[in-house]
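Undergrad: model the following, please.
(2 chains)
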Amino acid sequence: MTVVTWVLAILFVFPLLWMILTAFKQESDAYSDPPKLFFKPTFDQISGVLNGDFLPYLGNSAFVTIISTLLVLLLGIPAAYALSLAPVKGTKNALSFFLSTKMLPIVAAIIPLYVISQNTNLLDTVWALIILYTAMNLPLAIWMMRSFFLEVPGEMIEAARIDGANLPTLLRKIIMPVVAPGVAATALICVIFSWTEFFYAVNLTAARAGTVPVFLVSFITSEGLYWAQLSAAALLASLPVMIVGWIAQNHLVRGLSMGAVK
Amino acid sequence: MSTLSVPAGTASATTSAPAKKEASKSGKRRLPLLPALIFVIAVTQIPFLLTLYYSFQSWNLVRPGSQHFVGFSNYVDVFTDTTFLGALLNTVILTVVCVLVSLLLGLGLAILLDRKFAGRGFVRTLLITPFLILPAAGALLWKTTMFDPTFGLLHFVFHTDVDWLSQFPLAAVMAQIVWQWTPFMMLLTLAGLQSQSKEVLEAASVDGANRWRTFYSITLPHLSRFLQLATLLGAIYIVNSFDAIFLMTQGGPGTASTNLPFYIYQRAFEGFDIGQSSAMGVVVVILTMIVATFALRLMFRAFSVDGGTK
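TA: Okay, here's the model as predicted:
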C-alpha cells in the first residue's frame, strides 16, 4: 500500500515536477520528442525572468496580499467575536449574508467595478485590488474564525469576568491565546486566495498595478510561448505561496476544516 | 445577493420602554460586527445594484451616446441566445463533474494518507502542492507541457496525435481543474479522517465488522459534514472558473468550452456590450441564488448553527 501511495502521489504531481524540470532546461531541451528527463540543468531561464520585469509584479502581489490580509483580520476578528463569544441578535442572518456573498458569481459585478474604479481613479492601482480582495476573503475568514472562537471554553471567560477582567484583558489573556492558531490559519487561506486571484487582477489592472498572475499572461502575449522560460516564470510566481503553504500545512488542514470537527 | 438574507443590523429595533435598555445593550454588542458588515455590503451590493441598473439599458461602449432605457429586452435576448444556454449547460457540467471527481479522488488519496508509513509527511506535501501553485500557472502548464499535440507528455505516453484542447476542450479544461482542486478536497477529508475517535474504530473491529463495513457505517457518516463542506466550497470556486478557460481554450473551439463567467467576460470586454452582459450577470445571480438557498440550508444543517448559540 505504501508503494501504491508513493506511485500515485508522484503520478499525480508529475505535471508539477515536469514544470520544475522544464524551468531548468534550455528551450531546445524543453521542446523535444521524446521528452528529455535527463539534461544539463541551467539557471538561464530563472535569471532571465528575474532580470526581466518580473519584480515589480512580485512587489505588487506582496503588497496587495499583505495589506488585504491585515484588513481582513482587522475587520474580521471583532466580527467573529460578535458572532461567537458575545452573540448578537440575528447572528444566523449575518452569517448567511456573509456566505451568500461568496456564492455570487464575480462576473456579475465586474462591469460596475470597472466603471467605479475608472471614475474613482482606482483603475490599475493596487488599492482597487486591496479593497476587492478584502471583501472577497472577509466572509470566509469570519466563518473560519467564528468556529475557532467557539472553541474558547465559556467557563474560562466567565471566571475571568468574575475576577473583574474587562474586554481588552479578556481578549489578550484568555481569548487570543486560544484562537491564535485559528487566526493564523485564516490569514494563510487569505494569503493563498489573494496571491492566486486572477479574474479581478486581469480585468482591473495592467502595467502599473499588475500582480503575478497578470505577469504570466503578459508574458505569453508579449514573447510567444517559450516553454522553459514560461515554466521558470510559473515556478517563481508560485514559489512564495508554495513555501508558505508547505511550512504551515498543519494549520492549513485545520483552517480548511473550519472547526467542522466540532 | 441582496434578497438572500436580511443583514443582522436591521434585525431588531424594539421600542417598548422596558426593552429599551436591553436594545441599547445589544446595539453596543453589535458594534464589533458593524465595520465588517458595512464593508462587505458596500463592496458587494453596490456593484450588483449597478449591474441591475445597466441590465435595463441598451449600452454599447463602441457606440458612444447609445445608452438608453430598453426595459426587459436584454433579458429576452439572453434567453433566446443559444450561446448563453450552451454556456449555462457547460457551467453545470463542468461544476458537477469537477466537484464529484475531485471529491472522489481526494477521498481516495486521503484514505491512503491516513495511515502511518515511511515518508508520509513528504507525500502529503507533494499532494497539496497543486492547490498552492497559481491556477494561471497550472492552466498554462497543462496547456503546453501536457496537452500539446507534438511535444506534450500525453502525446508521448499514449502515442496519439490527438489535439486534446481542440478535440476535447471541455474535458481538457476539466482535467486541469480537477487536478487543481483534488488536493483541497483531500486536505478537508484528511482532517475529517484524522478527527475520528480511534476507540470507536477499535470497538467496531472487536465486534467483527470488516473494513468495508466499518468505513461505510462509521467513517462515512462521520465524514459527511466534511464532504458537504468540501462540496460547497469547491462548487463556489469551480462555478466561477475563469482562469483555465481563458488561458487554455479561450472558450473554443467555437463555444465548445465557453462557460458563463467566460461568456459574460467576452460580451463585456470584447463585445463592449454592457447592457447585454449585465443582464446575463443578473440571470446568473438569480440562478445561483436558487441553488445557493439549498446549499445554505445544507451548510447550516452541517454546522448546526442556531441563532448564534453554541
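
Undergrad: what pLDDT is listed against residue 224?
TA: All of this refers to chain A. Model confidence at A:G224, given as pLDDT, is 58.

Undergrad: look at chain B instead
TA: Reported pLDDT for B:S224: 85.

Undergrad: which residues sit in contact with the spatially most central residue of chain A?
TA: By CA atoms, centre = their mean, the mean C-alpha position of chain A lies nearest to A:I192, the distance being 1.7 Å. A:I192 is in contact with A:241, A:244-245, B:131-132, counting by CB atoms under 8 Å, 6 or more residues apart in numbering or on different chains. Where C-beta positions appear, they are placed from N, C-alpha and C, glycine not excepted.

Undergrad: the residues you listed: which two are farthest apart?
TA: Across the contacts of A:I192, no pair lies farther apart than A:V244 and B:F131, at 12.4 Å, counting by CB to CB.

Undergrad: which one's more surrounded, those two?
TA: Higher neighbour count among A:V244 and B:F131: B:F131, with 24 against 17, using other CB atoms under 10 Å in any protein chain shown.

Undergrad: residues contacting the more buried one?
TA: Counting by CB under 8 Å, 6+ apart, B:F131 touches A:192, A:245, B:180-181, B:183-184, B:187.

Undergrad: give me the neighbour count for B:F156.
TA: Every residue meeting other CB under 10 Å relative to B:F156 is counted, giving 14.

Undergrad: how about whichever strand or helix holds it, does it reach chain A?
TA: Using DSSP states H and E, B:F156 falls within helix B:153-158. Yes: contact of helix B:153-158 with chain A (CB under 8 Å from any CB of the partner chain) involves B:153, B:155-156.

Undergrad: if we can go back for a sec, please identify the buried residues of the strand or helix carrying the residue nearest to the centre of chain A?
TA: Under the criterion of DSSP H and E, A:I192 resides in helix A:176-196. Neighbour-count burial for helix A:176-196, counted by 16 or more other CB atoms under 10 Å in any protein chain shown, picks out A:179, A:182-183, A:185-196.

Undergrad: and if you look at stretch B:35-55?
TA: Under 16+ other CB under 10 Å, the buried positions of stretch B:35-55 are B:36-37, B:39-41, B:43-45, B:47-48, B:50-52, B:54-55.

Undergrad: which two of these have the greatest separation?
TA: Taking CB to CB, no two of those sit farther apart than B:A36 and B:S55, at 28.7 Å.

Undergrad: ok, back up a step: tell me the one among the buried residues of helix A:176-196 nearest to A:F39.
TA: A:T196 (29.6 Å).

Undergrad: so who does the residue nearest to the closest one when sequence neighbours are not counted touch?
TA: Among residues not flanking A:T196 along the chain, B:L134 sits closest, at 5.0 Å (CB to CB, 6 or more residues apart in numbering or on different chains). Going by CB under 8 Å, 6+ apart, B:L134 touches A:195-196, A:198, A:212-213, A:216, A:234, A:237-238, A:241.

Undergrad: low-confidence regions, the stretch 201-310 of chain B specifically.
TA: B:299-300, B:302-310 (pLDDT under 70).

Undergrad: any chance you could map the helices in it?
TA: Counting by DSSP state H, counting those that start in this stretch, the stretch 201-310 of chain B has these helices, from start to end: B:211-214, B:220-239, B:243-248, B:260-269, B:274-303.

Undergrad: helices or strands next to the second one in the packing?
TA: If contacts are counted by 3 or more CB pairs under 8 Å, 6 or more residues apart in numbering or on different chains; DSSP states H and E, helix B:220-239 sits against helix B:82-113, helix B:169-194, helix B:274-303.

Undergrad: hmm, who's touching it?
TA: Residues from elsewhere that reach helix B:220-239 (CB under 8 Å, 6+ apart): A:102-103, A:105, A:257-258, A:260, B:91, B:94-95, B:98-99, B:102-103, B:106-107, B:177, B:181, B:184-185, B:188-189, B:191-193, B:195-196, B:288, B:295, B:298-299, B:302-303.

Undergrad: buried residues in it?
TA: B:222-223, B:225-239.

Undergrad: between it and helix B:274-303, how many degrees?
TA: With axes from the mean of the first three to the mean of the last three CA atoms, to 10 degrees applied, the angle from helix B:220-239 to helix B:274-303 works out at 170 degrees.

Undergrad: against chain B, how distant is A:A109?
TA: As judged by CB to the nearest CB, to the nearest Å, A:A109 and chain B stand 4 Å apart.

Undergrad: for that residue, grab the count of nearby residues.
TA: By other CB under 10 Å, the residues close to A:A109 number 26.

Undergrad: what's the nearest residue to it if we skip its chain neighbours?
TA: Counting by CB to CB, 6+ apart, A:A109 lies nearest to B:P47, which is 3.8 Å off, once chain neighbours are set aside.

Undergrad: the one you found and A:P112 touch, don't they?
TA: Yes: using CB atoms under 8 Å, B:P47 is in contact with A:P112, at 4.0 Å.

Undergrad: gap between A:A228 and A:Y57?
TA: 19 Å (CB to CB, to the nearest Å).

Undergrad: revised request: answer the last question for A:L95.
TA: From A:L95 to A:Y57 the distance is 36 Å (CB to CB).

Undergrad: and if you look at A:T120?
TA: In this view, A:T120 and A:Y57 are 23 Å apart by CB to CB.

Undergrad: name the residue in these two with the higher neighbour count.
TA: A direct count of neighbours by other CB under 10 Å for A:T120 and A:Y57 places A:Y57 higher, at 25 against 11.

Undergrad: just confirm the more buried one is within a strand.
TA: No: counting by DSSP: H, G, I helix; E, B strand; the rest coil, A:Y57 is located in no strand; its state is helix.

Undergrad: which strand or helix spans the nearest residue to it once chain neighbours are set aside?
TA: Leaving aside its chain neighbours, A:Y57 sits nearest to A:F215 (3.9 Å; criterion: CB to CB, 6+ apart). Following DSSP H and E, one finds A:F215 within helix A:212-223.

Undergrad: circling back: for the helix holding B:F156, name the packing helices and strands.
TA: helix A:14-23.

Undergrad: mind checking what helix or strand follows the helix it packs on in sequence?
TA: Once helix A:14-23 ends, the next helix or strand along the chain (criterion: DSSP H and E) is helix A:27-30.

Undergrad: how about the helices in the stretch 101-250 of chain A?
TA: Going by DSSP H, counting those that start in this stretch, the stretch 101-250 of chain A shows helices at A:107-119, A:126-149, A:154-162, A:167-170, A:176-196, A:199-204, A:212-223, A:227-247, A:249-256.

Undergrad: which of those helices is buried the deepest?
TA: For the helices of the stretch 101-250 of chain A, the stretch with the most neighbours on average is helix A:126-149, a mean of 24; neighbours defined as mean count of other CB atoms under 10 Å in any protein chain shown.

Undergrad: restricting to C-alpha, output it in CSV.
TA: The C-alpha coordinates for helix A:126-149 follow below in CSV (Å, rounded to 0.1, in the frame of the first residue of the first chain):
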residue,chain,number,x,y,z
VAL,A,126,-3.1,48.2,-6.1
TRP,A,127,-5.9,49.8,-4.0
ALA,A,128,-8.7,48.5,-6.2
LEU,A,129,-7.4,45.0,-5.7
ILE,A,130,-6.8,45.5,-1.9
ILE,A,131,-10.5,46.6,-1.4
LEU,A,132,-11.8,43.7,-3.5
TYR,A,133,-9.6,41.0,-2.0
THR,A,134,-10.6,42.2,1.5
ALA,A,135,-14.3,41.9,0.6
MET,A,136,-13.6,38.6,-1.2
ASN,A,137,-11.9,36.9,1.8
LEU,A,138,-13.7,38.6,4.7
PRO,A,139,-16.8,36.4,4.6
LEU,A,140,-14.9,33.1,4.6
ALA,A,141,-12.5,34.5,7.2
ILE,A,142,-15.4,35.4,9.6
TRP,A,143,-16.8,31.9,9.2
MET,A,144,-13.5,30.3,9.9
MET,A,145,-12.6,32.5,12.9
ARG,A,146,-16.0,32.2,14.4
SER,A,147,-15.6,28.4,14.6
PHE,A,148,-12.2,28.9,16.3
PHE,A,149,-13.6,31.4,18.7
